[in-house]
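> mind folding the following:
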Amino acid sequence: ACLQEAVNYVAQFGGGRIYVRRGIYYPSTTTNLPDNVSIEIYGDGNETVFSYTGSYLLFLFNPSTPSWNAVFRFRDFKVDRSQSGSNNTDIIDVVHAKYVEVNNVEVIDNFRTTSEDDCAICLYNNITAIVEKCRVYNKSYGITVGGYLSIAKNNYVVNTYSIGIVTQGFTQGSALPPGYSYGGLSIVEGNTCIDCGRGDEAISIDYGSGATASYGTGIIRGNRVITMNYTTNHMVTAVNVQKVIIEDNVFEGTVTGDVGANIWGNSGTDYLAFMNNVINVTYDGSTNQFISSDFPTTIIDGNKINITYTNITSNPSGFFYLSLRKIFVRNNSISVSMPSGISIGSIVDGNLYGTDTDPTHMVVNGNSIYINGSVNNVFRAAENNSYSVSRPYVVITNNNVNGASSSFLNFLIDVEVYGNVEYVHIFGNNTNGTPSYNMVRLWTNSSSVSIYLDTDIPSSQIGSYSTFSLYWLKRNSGTATIASGATSVTVNHGL
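Alright, predicted model coming up:
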């Protein structure tokens, strides 16, 4: 009641600062925040404690017809619900504000597996929303930050069921302030999540699984996602985001689902960049991919990846499952271990869908791959379109592929063409494996297909598994002496 009285008082003057001095307070009802004000509520850090067990919020702002002018700041206090038992509730909810910031707030609750209405800090559909340096323990949902600019930075979240930290912009179907459209910029940076997303996801940028198009830009950078006492389902996800950058993160522990197989979008997606991450993860009972991406351009570069599959009886279908037009997998260190008798389909599986105006390109270069187990093909490229003037190409160069035994692979490279043409460049790859069949497998769905092959692999190690036209692009080298005063040179190129 005292909090509500203080809020009502400063609201008469358009807002103000409310200082809650150190002490333990026992709120008995929700403090409702008015519209069209600017209010800051702050305390003395962990010395200011709001302690309660009931199923009601601490602070709520959710006007039915928002002015989009309200500004709220919450900082430097603690919420203790450690004795709340099964009484689930959101704690801070702010919806349709111009600006909302939560800084240095600690929430302690009881762990629950509630599907909704149990979020520590819930900011939805604001113009700007920032949560920074907060700590959340034992919740169904940890921190949700929704705003056209949404930032979750340097937070610490432990033991959540559904979500650890998620940011989102204006999602399809949401109310929009004047002059805005769906989308935004969403950032998850410098956070630590321990045992988060036990039933769903640890960190995420989510623009709505029900949306029919993708919007906004998402950046997931410099976070640590760790499992210690429990497992997580998905370590990182991005849903219906137009542009996604996931870089400089650390993922460690055990998953029952995957690290990043739930990164996807509908029409309007642009690119995914997954770069310079460190991953050391066990897949417990899961045969899911490491990453699945259907972005038109996917870049996977400079990552250190160590994945161990355990407690599985069926074969994982693939590791990187990448679709659409431009795929770049470069300079990664990858180690994959599987139980005896288990074989993974592919390490890099490219499924290419292009057009004459936007042809496909797949580049796999400079990767170091170690496989403890067996694999059908390490690199697979499947072209699924016909072209009139453009030249789709696949480049697989300078990769080192080794296995725990020499008989770990059926093919090193598999090229499949379901259209009419493909240009393939294969050079400088090394392996300690002896393929069960061939180094390179070529297959098409039609005898009218043409494959142009440029490679240093002997023809005896290249297998054609269907009828098509194969054109060899041969490289010769040598020296020539040009006489002084010569005006022309004749070269016998040997083709």
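> the closest residue to Gly260 other than its chain neighbours bridge partners, please.
Distance criterion Cβ to Cβ, 6 or more residues apart in numbering; nearest residue to Gly260, sequence neighbours excluded, is Ile291 at 4.5 Å. In this view, the C-beta of every residue, glycine as well, is placed from N, C-alpha and C. Bridge pairing for Ile291 (DSSP bridges) gives the partners Gly260, Phe320.
> how about the contacts made by Ile291?
Val259, Gly260, Ala261, Ile263, Phe274, Ile300, Phe319, Phe320, Tyr321, Leu322 (Cβ atoms under 8 Å, 6 or more residues apart in numbering).
> can you give me the distance of it to Asp248?
16 Å (Cβ to Cβ, to the nearest Å).
> got it, and Ile194?
18 Å.
> neighbour count: these two, which is higher?
Using other Cβ atoms under 10 Å as the criterion, Ile194 and Asp248 rank with Ile194 on top: 22 against 16.
> can you name the residues bridging to the residue nearest the centre of the chain?
For the chain, Thr237 is the residue whose C-alpha lies nearest the centre (Cα atoms, centre = their mean; 4.4 Å). The partner list for Thr237 in beta bridges (DSSP bridges) reads Ser204.
> for it, give me the pLDDT.
We have a pLDDT of 94 for Thr237.
> which ones are touching it?
Glu201, Ile203, Ser204, Ile205, Asp206, Gly260, Asn262, Ile263.
> then Leu58?
Contacts of Leu58 (Cβ under 8 Å, 6+ apart): Pro27, Thr30, Thr31, Phe50, Tyr52, Val79, Ile91, Ile92.
> and it, how far is that from Asp117?
14 Å.
> for Ser436, same thing?
Counting by Cβ to Cβ, the separation of Ser436 from Asp117 is 55 Å.
> also Gly260?
From Gly260 to Asp117 the distance is 28 Å (Cβ to Cβ).
> which of those two has more residues huddled nearby?
Gly260 (27 against 14).
> touching, the more buried one and Ile246? I think so.
Yes: here Gly260 reaches Ile246: they are 7.3 Å apart, a contact under Cβ atoms under 8 Å.
> common neighbours of these two, please.
Residues touching both Gly260 and Ile246 (Cβ under 8 Å, 6+ apart): Val236, Phe274.
> which helices and strands sit right next to the least confident helix or strand in the chain by mean pLDDT?
The weakest-scoring helix or strand in the chain, judged by mean pLDDT, DSSP states H and E, is strand 263-264 (a mean of 84). Contacts defined by 3 or more Cβ pairs under 8 Å, 6 or more residues apart in numbering; DSSP states H and E place strand 263-264 against strand 232-239, strand 291-293.
> most tightly packed of those?
strand 232-239 (a mean of 27; mean count of other Cβ atoms under 10 Å).
> sorry, back to before: now the element after the least confident helix or strand of the chain, going C-ward?
strand 271-275 (DSSP states H and E).
> got the buried residues for the helix or strand following that following strand?
Reading on from strand 271-275 to the C-terminus, the next helix or strand found by DSSP H and E is strand 278-284. For strand 278-284, burial by neighbour count (16 or more other Cβ atoms under 10 Å) applies to Ile279, Val281, Thr282, Tyr283, Asp284.
> from Thr310, how far off is the last one?
When Cβ to Cβ is the yardstick, Asp284 and Thr310 sit 6 Å from each other.
> kindly report the same for the first one.
When distances are taken as Cβ to Cβ, Ile279 and Thr310 turn out to be 16 Å apart.
> go on, Asn223?
On the measure of Cβ to Cβ, Asn223 and Thr310 end up 25 Å apart.
> settle it for me: which of these two has more neighbours?
Neighbours were counted for Asn223 and for Thr310 using other Cβ under 10 Å; Asn223 has more, 27 against 14.
> wait, isn't that one in contact with Thr192?
Yes: Asn223 is in contact with Thr192 according to Cβ under 8 Å; the separation is 7.2 Å.
> name the nearest residue to Val105, sequence neighbours excluded.
Cys134 (4.8 Å).
> circling back: make JSON lines out of the contacts of Thr237 and add distance to Met338.
Output for those, formatted as JSON lines (distance: Cβ to Cβ, whole Å):
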{"residue": "Glu201", "distance to Met338": "25"}
{"residue": "Ile203", "distance to Met338": "27"}
{"residue": "Ser204", "distance to Met338": "28"}
{"residue": "Ile205", "distance to Met338": "31"}
{"residue": "Asp206", "distance to Met338": "31"}
{"residue": "Gly260", "distance to Met338": "19"}
{"residue": "Asn262", "distance to Met338": "22"}
{"residue": "Ile263", "distance to Met338": "23"}
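> give me the low-pLDDT residue ranges for this structure?
1, 474-481, 488-495 (pLDDT under 70).
> that one: helices as residue ranges?
2-11 (DSSP state H).
> select the longest strand from it.
strand 135-153 (DSSP state E).
> quick one, phi psi at Val20?
For Val20, the backbone dihedrals are phi -110, psi 110 (criterion: degrees, to the nearest 10).
> look at it and say how many residues are nearby.
Val20 has 18 nearby residues by other Cβ under 10 Å.
> can you give me the end-to-end distance of stretch 449-465?
With Cα to Cα, to the nearest Å as the measure, stretch 449-465 spans 13 Å from end to end.
> got the buried residues for stretch 466-473?
Buried-residue list, stretch 466-473, by 16+ other Cβ under 10 Å: Phe468.
> kindly apply the preceding question to stretch 284-297 instead.
Here stretch 284-297 shows 284, 286-297 as buried, counting by 16+ other Cβ under 10 Å.
> now render those residues as TSV, adding distance to Asn103.
Below are the buried residues of stretch 284-297 laid out as TSV (distance: Cβ to Cβ, whole Å):
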residue	distance to Asn103
Asp284	37
Ser286	37
Thr287	42
Asn288	37
Gln289	38
Phe290	35
Ile291	33
Ser292	36
Ser293	34
Asp294	37
Phe295	34
Pro296	38
Thr297	36
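> can you give me the strands in the stretch 1-150 of the chain?
15-19, 23-25, 31-32, 38-42, 48-51, 59-61, 71-80, 92-95, 99-108, 119-132, 135-153 (DSSP state E, counting those that start in this stretch).
> any chance of the ones you listed in JSON lines, plus distance to Ile371 and mean neighbour count?
Shown next, in JSON lines, are those (distance: least, Cβ to Cβ, whole Å; neighbours: other Cβ atoms under 10 Å):
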{"stretch": "strand 15-19", "distance to Ile371": "60", "mean neighbour count": "14"}
{"stretch": "strand 23-25", "distance to Ile371": "57", "mean neighbour count": "12"}
{"stretch": "strand 31-32", "distance to Ile371": "58", "mean neighbour count": "18"}
{"stretch": "strand 38-42", "distance to Ile371": "55", "mean neighbour count": "20"}
{"stretch": "strand 48-51", "distance to Ile371": "53", "mean neighbour count": "20"}
{"stretch": "strand 59-61", "distance to Ile371": "53", "mean neighbour count": "21"}
{"stretch": "strand 71-80", "distance to Ile371": "48", "mean neighbour count": "20"}
{"stretch": "strand 92-95", "distance to Ile371": "48", "mean neighbour count": "23"}
{"stretch": "strand 99-108", "distance to Ile371": "44", "mean neighbour count": "22"}
{"stretch": "strand 119-132", "distance to Ile371": "41", "mean neighbour count": "25"}
{"stretch": "strand 135-153", "distance to Ile371": "36", "mean neighbour count": "26"}
